[in-house]
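Visitor: sequence and computational prediction follow.
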Amino acid sequence: MFKHILLPTDGSELSLRAVRLGVELAKACGASVYALHVVAPFHTIAYMAEMLAATEVVYTEEATVRAGEYIAEVQRIAAEAGVGCAGSYVFDDRPHEAILATAQEQRCDLVVMASHGWRGFTRLLLGSEVHKVLLESEIPVLVCR
C-alpha cells in the first residue's frame, strides 16, 4: 500500500503521537519513513548588525541541535519498531511548502502529521500548516489529533 511515509515533527508530544502512528502504519505496510523538522529562519531588523550577527549564530546553532534531537527521536521510535528511517531538517519560513517539497524530493506516498487543533483567533494568527498541506498536497495526508 504505502512504501515511503513522511513524518513531519515539531518535537511536541502531539507530533510524536503522529510519528508513532506513522511508524506503526509503516511497519504494517512494510514501508520506510522519513522524518522532517522545519526550522523557522532567524529574522531581524538591521540595527546594531554586530550584535544581531552573534544572536543569529546562537539561534542557528541551538535550532540545529534541537532539530537533530527531534529527528533522532523519530529514528529511535522507528528503530524500536524495526522500520527504516532517514531524516533531515530544513530552514524555511513556510513549513507547509517545506513539507510538500520534501515529500516530493523523497518520493513519499503519504504524509502523517499532527494537528494542534487551534481554532478561532489563535488559528487566524498562527495559521494552520496542516490545512495548507491538505489543500496543496498531491499525495494522501493522514492528520492526527
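Guide: Yes, it's here. Residues are numbered from 1 along each chain as shown.

Visitor: for the rest of this, base every contact and every neighbour count on C-alpha atoms.
Guide: OK.

Visitor: would you map the helices across this structure?
Guide: When assigned using DSSP state H, the helices of the chain occupy the ranges 13-29, 49-81, 95-105, 120-126, 129-136.

Visitor: for the record, mean pLDDT for the last one?
Guide: Per-region confidence: helix 129-136 scores 92 on mean pLDDT.

Visitor: quick one: buried residues of it?
Guide: For helix 129-136, the neighbour count (16 or more other Cα atoms under 10 Å) marks Glu129, Val130, Val133, Leu134 as buried.

Visitor: compute the distance from the centre of it to the centre of its chain.
Guide: Its chain's C-alpha centre and that of helix 129-136 lie 13 Å apart, by Cα atoms, centre = their mean, to the nearest Å.

Visitor: farthest-apart pair in the buried residues of helix 129-136, please.
Guide: By the measure Cα to Cα, the buried residues of helix 129-136 have their two most distant members at Glu129 and Leu134, which lie 8.6 Å apart.

Visitor: ok, which of the helices of the chain comes nearest His37?
Guide: Among those, helix 49-81 comes nearest to His37, with 6.1 Å by Cα to Cα.

Visitor: now that closest one against helix 13-29, angle please.
Guide: Between the axis of helix 49-81 and that of helix 13-29 there is an angle of 40 degrees, by axes from the mean of the first three to the mean of the last three Cα atoms, to 10 degrees.

Visitor: other SSEs contacting helix 49-81?
Guide: On a contact count with 3 or more Cα pairs under 8 Å, 6 or more residues apart in numbering; DSSP states H and E, helix 49-81 meets helix 13-29, strand 32-39, strand 85-91.

Visitor: tell me which of these sits most buried.
Guide: Across these, the average number of neighbours (mean count of other Cα atoms under 10 Å) peaks for strand 32-39, which reaches a mean of 24.

Visitor: okay, now the sheet partners of that one, with direction.
Guide: When pairs are called by DSSP bridges, strand 32-39 turns out to pair with strand 4-8 (parallel), strand 85-91 (parallel).
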